[in-house]
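J.: predicted model, plus sequence, below.
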Amino acid sequence: MNLGAPKMAPSRPANRPQVKPGPPLPPKGATQASGASAGGPSRPANRQGSKPSAKSSSSPATPAPVARVAPRQRPLSSGPRRIATNLYSATGKRTIRELDAREMRVLLRVDFNVPLSDGKVVDDSRIRAAVPTIKALLEDGASIVIASHLGRPDGKVVDGLRLRPAAERLAHHLQMMVPTTGDALGVGTEDAVKRLRPGELVLLENVRFHAGEEKNDPAFAAKLASYADVFVNDGFGAAHRAHASTVGVAGILPSYVGLLMESEVEALSNLLDKPSRPFAAIVGGGKVSGKVAVLEALIQKVDLLILGGGVANTFLVASGRSVGKSLYESKMVEHARRILKLAAERGVKVLLPVDGVVAKEVTRGTEFKVVATEKLPASWHMVDLGPDSITAMREALASVKTILWNGPLGVFEIPAFGTATRELAKLAAEKAEAGATVVVGGGDSIAALQQLNLAGKMTHISTGGGASLEYLEGRDLPGLAVIPTAGSPFETMPILWEAPKPEKKPAPKPKAPAKKSE
Ligand code: ADP
Ligand code: MG
């Protein structure tokens with residue numbers, strides 16, 4: 001695929017499966033993936049059809065959705081991209097730039113695990129982030145079978161976790177029809193896949209409706225792989241999971257990473273490997289437990305650590321304060337102490353709140369006031385940073401050139417307790433505009449940015465919650481590890497990924513005095 005990168009002619013295998021010409025295109029407006037009824041009983045005939053959202057169809061400027069993308073004239077023109085223009089990109093992996101996807105059927109793993117409310121997608125950032133790869137493949141003349149999970153249905157069909165709302169958002173962004181199947185497997189789905197012609201796509205139903213997905217069951221992976229000639233993984237948010245649609249299929253099909261995976265890895269690896277200094281991490285959110293490992297890793301990299309939210313409360317306890325009824329984790333206090341010790345050893349400045357907003361209850365309309373963190377009242381909850389802490393944060397960030405932010409600084413869902421989070425969002429936007437690198441991860445932090453319409457100002461918004469954290473911890477992401485190295489020939493299969501073995505704990509020796517191990 002020529003995306004403006006120096007083209008390396010892919011060796012198209014002689015035995016590449018031929019895509020048989022499909023039947024004529026369906027009439028305009030038809031969005032039904034034929035046979036998709038295989039998965040469920042009593043489905044209306046048009047249930048898989050996905051129309052663009054009301055918003056898109058009501059817009060007078062919106063062209064009618066198309067069923068198929070016409071392949072681009074070659075050579076392809078290259079638009080501005082925020083990804084490496086070099087074949088050997090940050091991932092070190094074979095990317096779709098190396099793929100000539102003409103007439104190929106691509107199994108594309110995306111992460112459409114988006115928040116839903118009343119059957120509507122609340123935040124479609126992850127869907128928008130997958131669009132460049134989808135467009136590039138379609139314009140290259142591929143047909144795409146898209147696979148994603150949504151939520152945790154635990155191997156069962158859960159109607160509230162169907163992917164149709166996601167298909168509607170994708171249809172809106174692509175301005176084309178996005179049919180969904182009623183099941184990831186089944187004769188009807190196979191049929192819908194077989195009918196795909198170059199420039200068309202279909203979205204498989206939630207792969208986690210099958211228990212084989214999370215178990216990385218070889219039979220389930222083989223069925224998914226049977227849909228396509230190649231596999232492209234662009235689901236960064238699911239890359240830390242060794243599941244059938246992330247790892248299993250990559251062991252069967254020639255595999256590539258997509259453009260989102262590439263830009264995510266590039267942004268995060270730049271942070272770890274060559275940040276402009278001073279480098280600050282701002283960590284907030286509810287709980288420390290999910291963030292201990294990343295905090296320990298970040299302490300080795302950053303010059304400044306600013307803490308907020310429930311996370312800061314645990315650190316306040318670790319430094320001898322009492323936090324009243326505030327959210328904190330007693331089991332994490334020791335970890336917090338260790339992180340503070342590590343920070344002191346490395347000379348990392350740690351900013352803990354000096355004042356906070358305390359509330360009688362964590363609810364809207366409750367009584368609240370600002371107090372110094374030395375004098376937190378026993379029966380109140382700390383729910384936001386106070387004005388002096390916000391000023392201290394602003395001053396500390398003044399000279400900073402790189403910012404990584406994960407986790408809101410207060411209970412921002414209640415507007416009265418969202419001041420620090422809003423101030424930080426504005427400050428981060430100002431810093432990014434002034435040339436600093438600002439990377440934001442975490443669903444709630446991104447939601448806070450979006451409420452203020454500031455997401456677009458950041459250098460990079462990471463779509464992967466757990467995956468971003470694991471990457472920053474320095475762990476291998478199985479979905480990435482399994483893809484062959486950049487430049488390897490089409491036929492190259494991955495080195496099979498193996499889960500790291502848990503560290504063996506020494507057997508307890510209750511009586512004998514502990515000996516030093518060699
Ligand atoms: P992200 O999704 O950005 O990674 P988290 O999921 O870690 O963030 O944390 C977000 C949650 O933390 C929000 O629901 C917010 O209300 C909560 N939170 C932040 N500060 C506090 C606090 N002081 N007390 C209780 N909850 C808090
Ligand atoms: Mg969250």
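T.: Arrived safely. Numbering: from 1, shown residues only. Ligands and ions are numbered 1, 2, ... in the order given.
J.: from what I can see residue 236 touches residue 266, true?
T.: No. Taking contacts as C-beta atoms under 8 Å, residue 236 lies outside contact range of residue 266: 11.1 Å. The C-beta positions use only the backbone N, C-alpha and C, and glycine is treated the same way.
J.: who's more crowded, these two?
T.: Legend: neighbour count by other C-beta atoms under 10 Å for residue 236 and residue 266, higher for residue 236 (31 against 17).
J.: what's near enough to touch the more buried one?
T.: Each residue near residue 236 by C-beta atoms under 8 Å, 6 or more residues apart in numbering is listed here: 111, 260, 261, 264, 265, 462, 463, 464, 467, 468.
J.: now do the contacts for residue 105.
T.: 17, 19, 142, 143, 144, 145, 193, 196, 227, 228, 229, 230.
J.: what is it paired to in the beta sheet?
T.: residue 143 (DSSP bridges).
J.: most centrally placed residue in this structure?
T.: residue 464 (2.2 Å; C-alpha atoms, centre = their mean).
J.: and the residue lying closest to that one once chain neighbours are set aside, how many neighbours?
T.: In space, and not counting its chain neighbours, residue 464 is closest to residue 237: 4.0 Å by C-beta to C-beta, 6 or more residues apart in numbering. For residue 237, the count of nearby residues is 28 (other C-beta under 10 Å).
J.: coming back round to it: please flag which of the contacts of residue 105 sit within helices.
T.: Counted as lying in helices by DSSP state H, out of those, are residue 193.
J.: if we take the contacts of residue 105, which one ends up nearest to residue 217?
T.: residue 227 (16.0 Å; C-beta to C-beta).
J.: which residues of the chain lie near ligand 1?
T.: Within reach of ligand 1 by C-beta under 6 Å from any ligand atom, the chain has these residues: 284-286, 309-310, 327, 382-383, 406-408, 410-411, 413, 442-445.
J.: now whatever residue of the chain ends up closest to ligand 2: how far from residue 487?
T.: When scored by C-beta to the ion, the chain has residue 444 as its residue closest to ligand 2, at 4.1 Å. Per C-beta to C-beta, to the nearest Å, residue 444 is found 39 Å from residue 487.
J.: what of residue 124?
T.: 34 Å.
J.: neighbour count: the two, which is higher?
T.: residue 124 (20 against 13).
J.: hmm, residue 113 and that one touching each other?
T.: No. Counting by C-beta under 8 Å, residue 124 stays clear of residue 113, with 11.6 Å between them.
J.: who's in contact with residue 445?
T.: Counting by C-beta under 8 Å, 6+ apart, residue 445 has contacts 284, 285, 405, 406, 407, 408, 421.
J.: quick check, pLDDT for it.
T.: pLDDT for residue 445: 93.
J.: do the same with residue 92
T.: pLDDT for residue 92: 88.
J.: ok, now residue 400?
T.: For residue 400, the predicted pLDDT is 98.
J.: look at it and give its secondary structure.
T.: At residue 400 the chain is in coil, as set by DSSP: H, G, I helix; E, B strand; the rest coil.
J.: distance check, residue 364 against ligand 1.
T.: As judged by C-beta to the nearest ligand atom, to the nearest Å, residue 364 and ligand 1 stand 12 Å apart.
J.: what of residue 202?
T.: 31 Å.
J.: which strand residues bridge that residue?
T.: In beta-bridge terms (that is, DSSP bridges), residue 202 pairs with residue 145.
J.: list the residues that contact residue 399.
T.: Contact analysis of residue 399 by C-beta under 8 Å, 6+ apart lists residue 278.
J.: same thing but 10 Å
T.: Neighbouring residues of residue 399 by C-beta atoms under 10 Å, 6 or more residues apart in numbering: 277, 278, 280, 303, 304, 436.
J.: same thing with residue 237?
T.: 110-114, 126, 129, 148-149, 260-261, 264, 443, 462-468, 479.
J.: so which of those sit within helices?
T.: Reading helices off the contacts of residue 237 with DSSP H, I get 126, 129, 260, 261, 264, 443, 465, 466, 467, 468, 479.
J.: hmm, the fifth one is touching residue 479, no?
T.: No. Between residue 264 and residue 479 there is no contact under C-beta atoms under 10 Å: 11.4 Å.
J.: which neighbours do those two share?
T.: 234, 236, 237, 239, 257, 467.
J.: sec struct for the third one, please.
T.: Read it as residue 237. helix.
J.: could you measure from it over to residue 114?
T.: Taken as C-beta to C-beta, the span from residue 237 to residue 114 is 10 Å.
J.: tell me the confidence at residue 490?
T.: Looking at residue 490, its pLDDT is 84.
J.: please work out how many residues are found near it.
T.: The number of residues packed near residue 490 is 18, by other C-beta under 10 Å.
J.: over to residue 287?
T.: Using other C-beta under 10 Å, residue 287 has 17 neighbouring residues.
J.: do the same with residue 122
T.: For residue 122, the count of nearby residues is 12 (other C-beta under 10 Å).
J.: surely the residue of the chain closest to ligand 2 is in contact with residue 285?
T.: Yes. Counting by C-beta under 10 Å, residue 285 is a contact partner of residue 444 at 6.8 Å.
J.: joint contacts of the two?
T.: 309, 406, 407, 408.
J.: what's the most distant pair in these?
T.: Farthest-apart pair in the shared contacts of residue 444 and residue 285 is 309 and 406; separation 10.2 Å (C-beta to C-beta).
J.: for those two, list the residues in contact with both.
T.: 283, 284, 285, 444.
J.: name the member of these with the most neighbours.
T.: residue 284 (27 neighbours).
J.: mind checking how far that residue is from residue 414?
T.: Residue 284 is 15 Å from residue 414, by C-beta to C-beta.
J.: also residue 120?
T.: 22 Å.
J.: quick one, which of the two is more surrounded?
T.: When residue 120 and residue 414 are compared for neighbours, residue 414 comes out ahead with 17 against 13, by other C-beta under 10 Å.
J.: pretty sure that one sits against residue 408.
T.: No. Using C-beta under 10 Å, residue 414 is not in contact with residue 408, being 11.1 Å away.
J.: hey, what's in contact with both of those two?
T.: Common neighbours of residue 414 and residue 408 (C-beta under 10 Å, 6+ apart) are residue 384.
J.: which parts of the stretch 201-350 of the chain are helices?
T.: 211-214, 218-225, 259-273, 292-299, 309-318, 333-346 (DSSP state H, counting those that start in this stretch).
J.: just give the number of residues close to the closest residue to ligand 1 within the stretch 351-500 of the chain.
T.: Distances between the stretch 351-500 of the chain and ligand 1 by C-beta to the nearest ligand atom are smallest at residue 442, namely 2.4 Å. Residue 442: 22 surrounding residues under other C-beta under 10 Å.
J.: any idea how far it lies from residue 110?
T.: Taking C-beta to C-beta, one finds residue 442 at 19 Å from residue 110.
J.: same deal with residue 256?
T.: According to C-beta to C-beta, residue 256 stands 14 Å off from residue 110.
J.: overlap of the contact sets of those two?
T.: Common contact partners of residue 256 and residue 110 (C-beta under 10 Å, 6+ apart): 133, 232, 233, 234.
J.: against residue 464, how distant is the spatially closest residue to the last one that is not a sequence neighbour?
T.: What that stands for is residue 234. Among residues not flanking residue 234 along the chain, residue 258 sits closest, at 2.8 Å (C-beta to C-beta, 6+ apart). Computed as C-beta to C-beta, the residue 258 to residue 464 distance reads 13 Å.
J.: please enumerate the shared neighbours of those two.
T.: Counting by C-beta under 10 Å, 6+ apart, the residues touching both residue 258 and residue 464 are 129, 235, 236, 264.
J.: list the helices and strands the helix or strand hosting residue 135 packs on?
T.: Assigned by DSSP states H and E, residue 135 belongs to helix 125-139. Helices and strands touching helix 125-139, by 3 or more C-beta pairs under 10 Å, 6 or more residues apart in numbering; DSSP states H and E, are strand 105-109, strand 143-147, helix 164-174, strand 201-203, strand 230-233, strand 255-257, helix 259-273, helix 443-451.
J.: great, nothing more from me.
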